[in-house]
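*Asks:* have a look at this prediction, sequence included:
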Amino acid sequence: MAGEIRLPDIGDFKDVPIIEIHVKPGQSVAKEDVLMTLESDKATLEVPAPEAGIIGEIKVKVGDKVSQGALLATWASGGAASAPAPVAQSTAATAPAAPPVVATPAAAPARADFECDVLVLGAGPGGYSAAFRAADLGVSVVLVDRRPTLGGVCLNVGCIPSKALLHAAKVIDEAAEMSDRGLVFAPPKIDLEALRDWKERVVKRLTTGLTGLARQRKVTVLSGEGAFTSPHTLAVKAPEGDRAVRFNCAIIAAGSEPAAPGFIPRDPRIWDSTAALELRSIPKRLLVLGGGVIGLEMATVYSALGSKITVIEMMDQLMPGADRDVVAPFAKRVEKRYEKILLETKVTWVEALPEGVKVAWEGKFGSGEDVFDAMLVSVGRRPNGVAIGAEAAGVAVDGRGFVAVDRQMRTNVSHIFAIGDIVGQPMLAHKASHEGRVAAEAASGHKSSFDAKVIPAVAYTDPEVAWVGVTETEAKAKGLAYGKAVFPWAASGRSLSLGRDEGLTKTLWDETSGRLIGCGIVGPNAGDLISEAALAIEMGCDAEDVGLTIHPHPTLSETFAMSAEAFTGTLIDLYLPKKKS
C-alpha cells in the first residue's frame, strides 16, 4: 500500500523548522525509525516512520516550516524489518546527527552459544551502565569485554588508579608544605610495592563490586575480544574457545586506546598512561609529552614521588581546553616545581639508548635535546571503531575510528547503538555513563535521548582545574554577549585556612537573560565544586538565583556564590568599583 507521511500531533508547536532529514527516496525504513528532525525554541521534535516501508518522494527540505498535518513524504508499506525500539518524540538538541538509518534483517548464524535482547560490547563506565540499565528494564543482556574484570580503562587502568595515586601525591605535598607553618615531617619513605598494592586493592574492590552487580541483575558476562560477524551476531575470541552471540539490539561501548606518534620507538622506559600507572619505578628525570589533563595528572604523581619533570606541549598553554586565566594559577605553581615547561614545541625524534631516552625538540622558543630516564607519551586517545568488525554489521565508521550517532545514541543501523569515546569528544567516563543509560532505554523500547546541556571537565592536578559550559575563549570566538565575574580565593577564608590562596572561581553570564553559561574553577577540590555550576546551567539559573542561595561558611563552595554576587554588584567580601554606565 502506498501512503502519505504527515506531521503528527506535536502539541502547541506551529511553524517548526526542519533541521535534519535522515532518509532518502527509495530507502527502506523500519517502524519508528527517525525520518526527520524539527527544532523549535523549546525542544527538538523527531518524526518517526508510522510503519515499516520504503520512502517514496520527500515533499519538504531542510529549513521548511511545518505544522501538524503537513505532508512530509510518500511511502510504500513493507520491505523493511521493524525497528527494535521506538524513538523519542521530543528531545533537546545536543548530539551530532547520525548518517541515515537503515534497517537490517536478522541473519541467523549456523550456531549461537548465547542469545539476548541487548548485547553490550565493552564493560567500561558506559558499557556497564548500559548493561545494568537494560537489565533493570527487564531485557536479557550479554556484556562482552576483553578484560577479565569489568570497569574498562577507567576502573582498571585509568580514572580510579590515577586518582588513588594522586591522593598519595597530595598527602606528600601537603605534609611538606606544613613545614613553614609549624609542623615539620620527615621526608616520606616510599615503598613502591606497598603503594602499588594499595592502588590495586582500590581497583579490585570496585571491579569486584561490578561483578556482583552484574550477577544480581542476571547479566551474562563474557571475557574476550568481540567482533561483529553480521548485523545480529558477534564472535567472542576467548582463551577457553570462541563463542557466538545472537542479539536483537547491540550497544557499542568499545572505548579508545592511547595514541602515539609513529616515530616513537618501543622501549620499557617509554610509557603510555597505562604503563605509568603500573608504578614500576620512580625515574630521576621524566619527560611528559603532552600538556593535557592525563599527562599533567601523571606529572603531579611522579613529581610528588621525587621525579624531576619536563613537559612538552604543542599548544600555547597547558590544558588547551580550558581558559588561559583559569589554568594560570596551576601553571604558575608547577613552573616553580618542574624542570622545564616547553610550550609551542614539538618532539622531532626519540631514540632509546642504554643510558636513557634521548629526545630532540623544536619550537617557538628554540630547539634542543636531552636524555631522560623515562618518557610518558600522552598526546590523546584513538577510538576503537576499526577493531570491532563494524563493517560486518553495516555500522559506518569514519577514517579516525569514530561512529556517528543520533540523540538516542543510534548508529546508521537501526538496532545498533554506540556510546562513549567511540562516538566522539569529550572522551570522559561520566559522559559515557550518561550515554549508556540513554542507549539502554532506547534499545529497550523507551523514549529516551541525550539532552545534557553541558558536560563538566576536571583535571585532578594540584591545584585541580575544572570547567563547564561555555569557556570565555569560545564565547569570544562565537561573538556571544556575555558578562564575566571572578572571585579570587585569596579573599576566601576557607582557602587561606588550607594554606592555599592561588585559586579562583570565574563565571560567565548571558548579558540578555542573566543566566549562567559557563564556569571555570582552579584550586583544591575544584572537581567537586564544578557540579553546582553544571546544575545551575541545566536549571537555567541566573546570577541572583545563585547569589541568593545561602552557602555554608567558611567553605570553598561559597566562592561560586560570591562570583555571582560580583556579577550582580552585591558582593561585600571584596570592594569592586561600580561599572560606569
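*Replies:* Yes, it's here.

*Asks:* next up, phi/psi of the closest residue to residue 278 other than its chain neighbours, please.
*Replies:* Among residues not flanking residue 278 along the chain, residue 196 sits closest, at 7.6 Å (Cβ to Cβ, 6 or more residues apart in numbering). Where you see a C-beta, it was placed from the backbone N, CA and C, and this is true even at glycine. Main-chain dihedrals, residue 196, degrees, to the nearest 10: phi -60, psi -40.

*Asks:* surely residue 196 is in contact with residue 277?
*Replies:* No. Counting by Cβ atoms under 8 Å, residue 196 does not reach residue 277; the two are 9.4 Å apart.

*Asks:* please identify which of those two sits among more neighbours.
*Replies:* Neighbour totals were compared for residue 196 and residue 277, and residue 277 leads with 22 against 16 (other Cβ atoms under 10 Å).

*Asks:* ok, now how distant is the more buried one from residue 124?
*Replies:* 16 Å (Cβ to Cβ, to the nearest Å).

*Asks:* centroid-nearest residue for this protein?
*Replies:* residue 428 (2.2 Å; Cα atoms, centre = their mean).

*Asks:* my read: it touches residue 455, true?
*Replies:* Yes. Residue 428 lies in contact with residue 455 (Cβ under 8 Å); the separation is 6.5 Å.

*Asks:* the strands in the stretch 301-450 of the chain, which residues?
*Replies:* Ranges of strands in the stretch 301-450 of the chain, per DSSP state E, counting those that start in this stretch, are 308-312, 340-342, 345-353, 356-363, 366-372, 374-377, 381-383, 416-418.

*Asks:* which of these sits most buried?
*Replies:* Neighbour counts (mean count of other Cβ atoms under 10 Å) averaged over each of those peak at strand 416-418, with a mean of 32.

*Asks:* by contact count, what packs against that strand?
*Replies:* strand 243-252, helix 429-443 (3 or more Cβ pairs under 8 Å, 6 or more residues apart in numbering; DSSP states H and E).

*Asks:* with respect to residue 155, which of the ones you listed lies nearest?
*Replies:* helix 429-443 (8.9 Å; Cβ to Cβ).

*Asks:* next helix or strand past the closest one?
*Replies:* Per DSSP states H and E, the first helix or strand lying C-terminal to helix 429-443 is strand 457-459.

*Asks:* now do that following strand: which elements does it pack against?
*Replies:* helix 293-305, strand 464-469, helix 526-538.

*Asks:* pull up the pairing partners for that strand, direction included.
*Replies:* Within its sheet, and counting by DSSP bridges, strand 457-459 is paired with strand 464-469 (antiparallel).

*Asks:* ok, back up a step: please tabulate the strands of the stretch 301-450 of the chain in JSON lines, including the columns mean pLDDT and distance to residue 442.
*Replies:* Converted to JSON lines, the strands of the stretch 301-450 of the chain look like this (pLDDT from 0 to 100; distance: least, Cβ to Cβ, whole Å):
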{"stretch": "strand 308-312", "mean pLDDT": "98", "distance to residue 442": "42"}
{"stretch": "strand 340-342", "mean pLDDT": "97", "distance to residue 442": "45"}
{"stretch": "strand 345-353", "mean pLDDT": "96", "distance to residue 442": "42"}
{"stretch": "strand 356-363", "mean pLDDT": "97", "distance to residue 442": "47"}
{"stretch": "strand 366-372", "mean pLDDT": "96", "distance to residue 442": "48"}
{"stretch": "strand 374-377", "mean pLDDT": "98", "distance to residue 442": "37"}
{"stretch": "strand 381-383", "mean pLDDT": "92", "distance to residue 442": "21"}
{"stretch": "strand 416-418", "mean pLDDT": "98", "distance to residue 442": "7"}
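
*Asks:* sorry, back to before: any idea how far residue 374 is from the residue nearest to residue 278?
*Replies:* The value you get for residue 196 to residue 374, if Cβ to Cβ is used, is 16 Å.

*Asks:* and for residue 130?
*Replies:* Separation of residue 130 from residue 374 (Cβ to Cβ) stands at 37 Å.

*Asks:* also residue 397?
*Replies:* Relative to residue 374, and taking Cβ to Cβ, residue 397 is found at 34 Å.

*Asks:* I figured residue 285 hits residue 375, correct?
*Replies:* No. Judged on Cβ under 8 Å, residue 285 makes no contact with residue 375 at a distance of 9.7 Å.

*Asks:* and after the lowest-mean-pLDDT helix or strand in the chain, which helix or strand comes next?
*Replies:* The helix or strand of the chain with the poorest confidence is strand 90-91; it has a mean of 32 (mean pLDDT, DSSP states H and E). As assigned by DSSP H and E, the chain's next helix or strand after strand 90-91 is strand 114-121.
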